[in-house]
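[1] prediction below, plus the sequence it came from.
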Amino acid sequence: MTQEHPLDPIRRQITALDRQLLELLAQRRELSLDVARTKADVTKPVRDSDRESALLTRLVSEGRQLGLDGQYVSRLFHAIIEDSVLRQQAWFQSQHNPAVTERINVAYLGAKGSYSYLASHSYFERRALELNELGQSSFNAILDTVEQGQADYGVIPIENTSSGSINEVFDLLQHTNLHIVGETTESIPHCVLLPEGGALSEIKTVFAHPQVHAQCSRYLAELNVHQEYCASSAEAMSKAAQTPNSAAIASERGGALYGLHVAKRDLANQPRNETRFLVLARKPVDVPPQVPAKTTLLMATGQQPGALVEALSVLRDNGVNMTKLESRPIHGNPWEEMFYLDVQANLHSQPMQQALRDLTRLTRFVKVLGCYPCETVLPTELDSHALAHDPRLSDETPLHSRTHKARTSPIRIGHQQLGDGSFRILAGPAHHSMEANEIARTVKEYAGAALWGSHDQDEASLRTHAKLCQQLGLPLVGELTAAERRPLLSEYCDLLLLGPGALNEPALLAAAGQDQRPVILIRPEQADGQALLDAAEIILQQGNQQVILCEPGQREGDRPRLDLAMVAWLKQHSHLPVLLAPDCDSQHLALDLALIQAAKTAGADGLLLAIQPQFDAAALAQLMAALYR
Ligand SMILES: C=C(O[C@@H]1C=C(C(=O)O)C=C[C@H]1O)C(=O)O
């Protein structure tokens, strides 16, 4: 029988979790559409920034309690909210402009897998429309196909965050009869794509669209191989798939359609490489009041000085916000410019209508290229207080508490992780001696890690112990008895131990807090749980977050004693792992074992066993085997 790889069960768990995440996201998306339906009769915008900030502030704080950092949570939820806002807008838009058919013809640049193809899919999938793909060989052909009625829509890139405006498209827009009916901004993750068996070091030619070359110019200059321009990314991928020692620069999703694999990612000069695409159609659309609208204007001002400033002040005077201004030469009129303006306004709004009337008075030519839903969803910015607010810095929430961190903090010791939900055994000889080797070996057969007690020793003796532990593959624990011994112990030991006396010595606790080694903090019999947590707090406040609470056992004659209620209390009040240190006696193992099992049920994370040389080796083996059953 083939043995299962240790990764397999973990990966199965991740796969199952991912599946749940997807199901939850799908449920959230459905609810967001319900929200849209409920908003239908109101004229308020879809986007509710107050609701988004409240939601993000709460999520950032809840995420922190689960150990997730604020930036990560807000990035994730921006993507989720963006999807939700765009879906709601698309729903309103389709209510307002019902589609005639559910299957539409879309013209875009290139073949399957080009960036325009991917953008077309994401735009129309949001509208639940099925696509007949009509890949074209040039921008001009896209417009022609739509103008002649073979395609219902054309999707065309207009600007990119790395390479700027696409001049050719601006020039074509000057002459088209089509209307802009939509936009979509897509992230463009350029990768080096290689055919099966290809290697980065063997590339002689790189195929890419000129725009892609421009967006990755820095990387390509470094790569320094022959570069060949292609009419589209799809053509680049298809050429790379057929040419030995070549590569294409395109997207991973596209590459998969051509059997190409990723050799390097994130090639663009700008870390945020995004392209805005326009969607063009023969008939203009109406944008409902709930959806933020953008209007694109084309205008030629008079040539007198200050003409442009005068035209733009019309927008300002009518309270219309301009988001883009681009100028292009007018064909046949040297040194005359045509201006493209994007403004944040609905064409049918009163200020926009007024601005247009004023512009006709001031310009030689003005034309509305289209009014369409604005699909650039800028992230809701949390005020810096919400993001910077870290409960670790708040004086009300103690660092040891479950309010600060909901889950138990796992702490790595050697090859083991204490506090990860499994019951761990840290056992080893209490002192170095001849028997100690024997004990260590027995323990190691059963426990993944063991300890080697190390008291006030000089450097030479510490070094010998550290060497022995290394040979046996055991972590070494050193008891910190004075603050000034910390650097020495830290050099040779893997863990620091603070004995019962340390609770009354803030300087010693603080010294442990400045160390980078995990610290085991033992509760003295006379101290209550809160005193132990207060001492742990001193360590945590110094920076060291790896504190392990330790509940020692006692012995009354034959009877072992362990405060099980204390174990449960500590687990309830703190996220720090709790170790038990029972005082085991090889003569009465059955009782010890019963007690340890009960503590396990009470929530203890593991066992710390310092084994005395007189401990019976056979009994030890028996104990270990029983604990692992
Ligand atoms: C879902 C809503 O609409 C939008 C989307 C939000 C979201 O996905 O959480 C939040 C606020 C709105 O911008 C809503 O108003 O609740």
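    Looks like it came in fine.
[2] which positions in the chain make contact with the ligand?
    Those residues of the chain that sit near the ligand, judged by CB under 6 Å from any ligand atom, are Ser32, Val35, Arg47, Asp48, Arg51, Glu52, Leu55, Ile81, Ser84, Val85, Gln88. No exception for glycine: its C-beta is placed from N, CA and C like everyone else's.
[3] can you flag the buried ones in those?
    Ser32, Arg47, Glu52, Ile81, Ser84, Val85, Gln88 (16 or more other CB atoms under 10 Å).
[4] just checking, next helix/strand downstream of the helix or strand containing Ala90?
    Using DSSP states H and E, Ala90 maps to helix 70-96. Next helix or strand after helix 70-96 toward the C-terminus (DSSP H and E): strand 103-109.
[5] for that next one, buried residues please.
    Ile104, Asn105, Val106, Ala107, Tyr108, Leu109.
[6] distance check, the first one against Asp286.
    Read it as Ile104. Using CB to CB, to the nearest Å, one gets 18 Å for the distance from Ile104 to Asp286.
[7] could you do Arg218 as well?
    In this view, Arg218 and Asp286 are 44 Å apart by CB to CB.
[8] between these two, who's got more neighbours?
    For Arg218 and Asp286, the more surrounded residue by other CB atoms under 10 Å is Asp286, and the numbers stand at 15 against 12.
[9] now the more buried one. Nearest residue, chain neighbours left out?
    Leaving aside its chain neighbours, Asp286 sits nearest to His96 (5.5 Å; criterion: CB to CB, 6 or more residues apart in numbering).
[10] look at the one you found and report its pLDDT.
    In this model, His96 is scored at 86, pLDDT.
[11] and it, how many neighbours does it have?
    Using other CB under 10 Å, His96 has 15 neighbouring residues.
[12] that one contacts Pro289, doesn't it?
    No - assessed by CB atoms under 8 Å, His96 is found out of contact with Pro289, at 9.4 Å.
[13] in the stretch 151-300 of the chain, where is pLDDT below threshold?
    Judged against pLDDT under 70, the stretch 151-300 of the chain has no low-scoring part.
[14] quick check: the residue of this structure nearest the ligand.
    Relative to the ligand, the nearest point of the chain is Ser84 (3.2 Å; CB to the nearest ligand atom).
[15] give me every residue that touches Gly154.
    By CB atoms under 8 Å, 6 or more residues apart in numbering, the contact set of Gly154 is Val106, Ala107, Tyr108, Ile142, Leu143, Thr145, Val146, Leu178, Val279, Leu280, Ala281.
[16] give the closest residue to the last one in space, chain neighbours not counted.
    If I follow you right, that is Ala281. Using CB to CB, 6+ apart, the nearest residue to Ala281 is Val181, at 4.6 Å.
[17] report pLDDT for the residue of the chain positioned farthest from its centre.
    Ranked by distance from the centre of the chain (CA atoms, centre = their mean), the top residue is Gly557, with 56.2 Å. Per-residue pLDDT puts Gly557 at 79.
[18] same question for the one 4 residues further on.
    In the predicted model, Arg561 carries a pLDDT score of 88.
[19] show me the contacts for it.
    By CB under 8 Å, 6+ apart, the contact set of Arg561 is Gly553, Gln554, Arg555.
[20] buried among those residues? Make that a ChimeraX selection.
    Only the buried entries of these go into this ChimeraX selection, using 16+ other CB under 10 Å:
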select :553
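[21] closest one of the contacts of Arg561 to Leu607?
    Gly553 (10.0 Å; CB to CB).
[22] next up, the contacts around that closest one.
    So Gly553 contacts Pro560, Arg561, Leu562, Leu580, Ala581, Pro582, Asp583, Cys584, Leu595 (CB under 8 Å, 6+ apart).
[23] from these, which is closest to Ala311?
    Leu580 (79.5 Å).
[24] tell me, how many residues neighbour the residue nearest to Ala281?
    Taking other CB under 10 Å as the criterion, the count of residues near Val181 is 23.
[25] still on that earlier bit, kindly reformat the buried residues of strand 103-109 as JSON lines containing pLDDT.
    Supplementary listing: these in JSON lines, determined by pLDDT from 0 to 100:
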{"residue": "Ile104", "pLDDT": "93"}
{"residue": "Asn105", "pLDDT": "96"}
{"residue": "Val106", "pLDDT": "96"}
{"residue": "Ala107", "pLDDT": "97"}
{"residue": "Tyr108", "pLDDT": "95"}
{"residue": "Leu109", "pLDDT": "92"}
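[26] list the residues that contact the residue nearest to Asp286.
    His96 is in contact with Val285, Asp286, Val287, Pro288, counting by CB under 8 Å, 6+ apart.
[27] for this structure, which residue occupies the most central location?
    Note: the chain centre (CA atoms, centre = their mean) maps to Tyr72, 5.0 Å.
[28] follow-up on the earlier one: which of the contacts of His96 has the most neighbours?
    Going by other CB under 10 Å, Val287 tops those with 28 neighbours.
[29] still on that earlier bit, just the buried ones among the contacts of Gly553, please.
    Applying 16+ other CB under 10 Å to the contacts of Gly553, the neighbour count classes Pro560, Leu562, Leu580, Ala581, Pro582, Cys584, Leu595 as buried.
[30] what's the closest of these to Pro398?
    Distance to Pro398 across these (CB to CB) is lowest for Leu580, with 23.2 Å.
[31] hang on, that closest one is in a strand, isn't it?
    Yes - under DSSP: H, G, I helix; E, B strand; the rest coil, Leu580 sits within a strand.
[32] quick one, domains of this protein?
    Using automatic domain parsing, the domain parsing of the chain gives 8-94, 191-264, 293-373, 391-628.
[33] comparing these by mean pLDDT, which bottoms out?
    domain 391-628 (a mean of 83).
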